[in-house]
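Asker: Sequence first, predicted coordinates after that:
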Amino acid sequence: MKVGDELPPLEIPITRTLIVAGAVASRDYQDVHHDAVLAQEKGSPDIFMNILTTNGLVGRYITDHFGPEARLRSVRIRLGAPNHPGDTMTLTGTVTAVAAGTAEVRVVGANGLGHHVTGTVTVALPRAGASGAGEVAI
């Protein structure tokens, strides 16, 4: 792995179930994440995904790529265009730094409206052939 390497894209269908389940799982009971009528009364065309669900999906994207022994060290994201039911978010990533057993990845999640999420994730990488928890490539 080197700076400039690109992670394969991950397409995530944005379903009503995903949005509501993510909000409930993160104990975010704000009505705009589960009640379409109230979301519309507040100016949104429909319910929309919360930041905690987005954060989890970004983490999944990174660990799916680097493997189950990789450890997220830092996740810094910013939301943009909302994720509404019926859209698809495509996550992409580019390695921006590699040092001391970690990699930094610039992540973008885009949907039909634009960039839903942008950010940077720092991940500790497992050492090749390591069997113990917490060992990272150096």
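Answerer: Happy to help now that I have it. Every value quoted in this text rests on a predicted model; they were computed, and no experiment measured them.
Asker: Do I have it right that Arg78 meets Thr118?
Answerer: Yes - shown here, Arg78 and Thr118 form a contact pair, counting by CB atoms under 8 Å, at 5.5 Å. Using the backbone N, CA and C atoms, a C-beta is placed for each residue, glycine as well.
Asker: what residue ranges in this structure are flagged as low confidence?
Answerer: Across the chain, the ranges flagged by pLDDT under 70 are 128-138.
Asker: rerun that using 50 as the cut-off
Answerer: 129-138 (pLDDT under 50).
Asker: ok, the residue nearest the centre of it to Arg76 distance?
Answerer: The geometric centre of the chain, computed from its C-alpha atoms, lies nearest to Val58 (CA atoms, centre = their mean), at 1.5 Å. Distance of Val58 to Arg76, given as CB to CB, to the nearest Å: 10 Å.
Asker: Now for these two: what residues contact both?
Answerer: Residues touching both Val58 and Arg76 by CB atoms under 8 Å, 6 or more residues apart in numbering: Gly119, Val121.
Asker: out of Arg78 and Thr118, which sits in the busier spot?
Answerer: Thr118 (16 against 10; other CB atoms under 10 Å).
Asker: Could you give the bridge partners of the more buried one?
Answerer: Arg78, Val108 (DSSP bridges).
Asker: Verify the stated contact: it with Leu91.
Answerer: No - look at Thr118 against Leu91 with CB under 8 Å: they stay out of range, at 10.8 Å.
Asker: who touches both of those two?
Answerer: Common contacts of Thr118 and Leu91 (CB under 8 Å, 6+ apart): Val107, Val108, Gly109.
Asker: From the residues you listed, keep the buried residues only.
Answerer: Neighbour counting over these (16 or more other CB atoms under 10 Å) leaves Val107, Val108, Gly109 as the buried ones.
Asker: and of the residues you listed, the nearest to Ile14?
Answerer: Lowest distance from Ile14 to these (CB to CB) belongs to Gly109, with 10.3 Å.
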